[in-house]
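**Student:** Starting from these lines, generate the structure:
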Amino acid sequence: MDKQQILKLRKLNTEAADLRKRIKDFESKPREYVADSSASDYSTGFSHPIVIEGYGDNNYIKTRERLYNGYVRKLIEIQESIEELEKFLDTLEDPELRTILRLTCINGFTQEEIAEELGYSRSAVAMKIKRFFK
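**Tutor:** Coordinates of the predicted model:
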């Protein structure tokens, strides 16, 4: 496992969160509902307002399903990558280093935020990260 793969973890978590939001949006609106109340009926010779309502056409539904399935597939791939990186982090013997890397790569903390969280100086955190990547 190299530095680029470990640092990629933060980006993967961000992308996974975005995909989860998009999937949730799809699930909350399974189909497009369409309504129009500006139509008029002239069958009696006079204008009577009517409401036309229904669901979107099949092309819209098919497009949504294709996008949804693509998002789900991509999210599964990302989650597998994240799990692989997490397993690697679990193999590290130093618990402080594991914590620092998780805070950096998963939670997106800066070195200053990590130092404040763990009670270290920023330079101590930077040194631990630098030593790990050598």
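
**Student:** looking at the protein, which helix or strand is least sure?
**Tutor:** One helix or strand of the chain scores below all others by mean pLDDT, DSSP states H and E: strand 33-41, with a mean of 71.

**Student:** Any idea how many residues pack against the residue lying closest to Glu15 once chain neighbours are set aside?
**Tutor:** Spatial nearest neighbour of Glu15, chain neighbours left out: Ile78 (5.9 Å); criterion: Cβ to Cβ, 6 or more residues apart in numbering. C-beta coordinates here come from the backbone N, C-alpha and C atoms, glycine included. The local packing of Ile78 (other Cβ atoms under 10 Å) involves 20 other residues.

**Student:** Could you do Phe133 as well?
**Tutor:** A count of nearby residues for Phe133, using other Cβ under 10 Å, gives 11.

**Student:** same thing with Leu12?
**Tutor:** Look at Leu12: counted by other Cβ under 10 Å, it has 19 neighbours.

**Student:** give the contact list for it.
**Tutor:** Neighbouring residues of Leu12 by Cβ atoms under 8 Å, 6 or more residues apart in numbering: Ile78, Ser81, Ile82, Leu85.

**Student:** Could you look up the SS state of the first one?
**Tutor:** Going back to what we said before, that points to Ile78. helix (DSSP: H, G, I helix; E, B strand; the rest coil).

**Student:** That one against Ala17, yeah?
**Tutor:** No: judged on Cβ atoms under 8 Å, Ile78 makes no contact with Ala17 at a distance of 9.9 Å.

**Student:** So which bits of the helix or strand that contains Glu27 are buried?
**Tutor:** Assessed by DSSP states H and E, Glu27 sits inside helix 3-28. For helix 3-28, burial by neighbour count (16 or more other Cβ atoms under 10 Å) applies to Ile6, Leu9, Leu12, Asn13, Ala16, Leu19, Arg22, Ile23, Phe26.

**Student:** Turn these into a markdown table, columns for distance to Ile50 and pLDDT.
**Tutor:** A markdown table is the format used below for the buried residues of helix 3-28 (distance: Cβ to Cβ, whole Å; pLDDT from 0 to 100):
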| residue | distance to Ile50 | pLDDT |
| --- | --- | --- |
| Ile6 | 62 | 80 |
| Leu9 | 56 | 83 |
| Leu12 | 51 | 87 |
| Asn13 | 50 | 86 |
| Ala16 | 46 | 90 |
| Leu19 | 41 | 88 |
| Arg22 | 36 | 84 |
| Ile23 | 37 | 83 |
| Phe26 | 31 | 71 |
